[in-house]
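Undergrad: What follows is a protein structure lacking sequence information:
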């Protein structure tokens, strides 16, 4: 089966969500991330790799250390989706209110 | 700023009794007069407003392609509540997959909309709530993780 590598896959796992949450506050190296979890380091590394493949974080080398930095643009796609729908619905409900107002005024005349 | 629950949620006091607001949502002729965003018009090529009934609509805007949509009425409780699904479709009424619409294959194009009408004398306490379709949410396994992630995004943007 082809591996899914998209924002949905990235955030489908609770550990990965927690990693993103940690990184949204500050960039961290692999060890600091692993320290937050009971899981083994290879497991956490695996999650970090998946997040990188999904485009949710980038890994930067600083000397001998590897730092992870969150890339939240992908999540903004989700936010944009919500905002677009909200805007369209608000305009639609404006139209409903106008319709009801005109109907009411029409009756009074 | 967006609602805490980050799905689409609209709440308004509408200056009309709820029977009239409910009618505006359940009379196809009335719906065609207003049920579209600004600058758009809507036409139903099929609409059966009853529980289990379906619709096929097109929203037209001079600046964009026609936007076809299909859906099913899940609940109609007069005069207080309507629940229906919405999904992107083509002119023939076939579901259009997100990939065909040029979106991420996991993108939620199917949504459930709940509208409620609360009695407030000669006014109506109106709410509209749109969520990702539950079946689809289970399929992608990524919801409500979405909402959680949006909170994180919002917090990081506000810091």
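TA: Yep, it's here. Predicted model only: the values in this text are computed from it and were never measured.
Undergrad: what's the pLDDT at the residue positioned nearest the centre of chain A?
TA: Closest residue to the average C-alpha location of chain A: residue A:75 at 2.9 Å, with CA atoms, centre = their mean. With respect to pLDDT, residue A:75 has a value of 76.
Undergrad: my guess is it contacts residue A:7, does it?
TA: Yes: using CB atoms under 8 Å, residue A:75 is in contact with residue A:7, at 6.8 Å. (Glycine included, C-beta is placed from N, CA and C.)
Undergrad: between those two, what contacts are shared?
TA: Listed contacts common to residue A:75 and residue A:7 are residue A:56; contacts here mean CB atoms under 8 Å, 6 or more residues apart in numbering or on different chains.
Undergrad: before we move on, the earlier item: doesn't the residue nearest to the centre of chain A lie inside a strand?
TA: No: according to DSSP: H, G, I helix; E, B strand; the rest coil, residue A:75 belongs to no strand; its state is helix.
Undergrad: next SSE after the helix or strand of chain A with the lowest mean pLDDT?
TA: Lowest by mean pLDDT, DSSP states H and E among the helices and strands of chain A is helix A:7-11, with a mean of 75. Using DSSP states H and E, the helix or strand that follows helix A:7-11 in sequence is helix A:14-25.
Undergrad: Which residue ranges of the chain form helices?
TA: Just going to use chain A. A:7-11, A:14-25, A:30-35, A:41-53, A:73-108 (DSSP state H).
Undergrad: Let me rephrase: I mean chain B.
TA: Ranges of helices in chain B, per DSSP H, are B:18-26, B:28-34, B:134-140, B:145-158.
Undergrad: Need the per-residue pLDDT for residue B:25.
TA: For residue B:25, the pLDDT comes out at 96.
Undergrad: what sits against residue B:11?
TA: Neighbouring residues of residue B:11 by CB under 8 Å, 6+ apart: B:125-128.
Undergrad: out of those, which touch chain A?
TA: B:126, B:128 (CB under 8 Å from any CB of the partner chain).
Undergrad: Which of the contacts of residue B:11 has the largest number of neighbours?
TA: Per-residue neighbour counts (other CB atoms under 10 Å in any protein chain shown) across those peak at residue B:126, which has 22 neighbours.
Undergrad: So what sits opposite it in the bridge?
TA: residue B:12, residue B:117 (DSSP bridges).
Undergrad: For it, give me its contacts.
TA: By CB under 8 Å, 6+ apart, residue B:126 lies in contact with A:93, B:10-14, B:21, B:115-118.
Undergrad: still on that earlier bit, mean pLDDT for the helices of chain B: which is lowest?
TA: In terms of average pLDDT, helix B:134-140 trails the rest of those, at a mean of 48.
Undergrad: Domain-wise, how is chain A divided?
TA: Segmentation of chain A into domains, based on automatic domain parsing, reads A:7-71, A:73-109.
Undergrad: about what we covered before: tell me how far the residue nearest to the centre of chain A lies from residue B:125.
TA: 33 Å (CB to CB, to the nearest Å).
Undergrad: In this structure residue A:45 contacts residue A:31, no?
TA: No: contact criterion CB under 8 Å: residue A:45 and residue A:31 do not qualify, at 10.4 Å.
Undergrad: Who has more neighbours out of these two?
TA: Each of residue A:45 and residue A:31 has its neighbours counted (other CB under 10 Å); residue A:45 has more, 15 against 11.
Undergrad: Name the nearest residue to that one, ignoring sequence neighbours.
TA: Among residues not flanking residue A:45 along the chain, residue A:30 sits closest, at 6.5 Å (CB to CB, 6 or more residues apart in numbering or on different chains).
Undergrad: Can you report how many residues neighbour the one you found?
TA: Look at residue A:30: counted by other CB under 10 Å, it has 16 neighbours.
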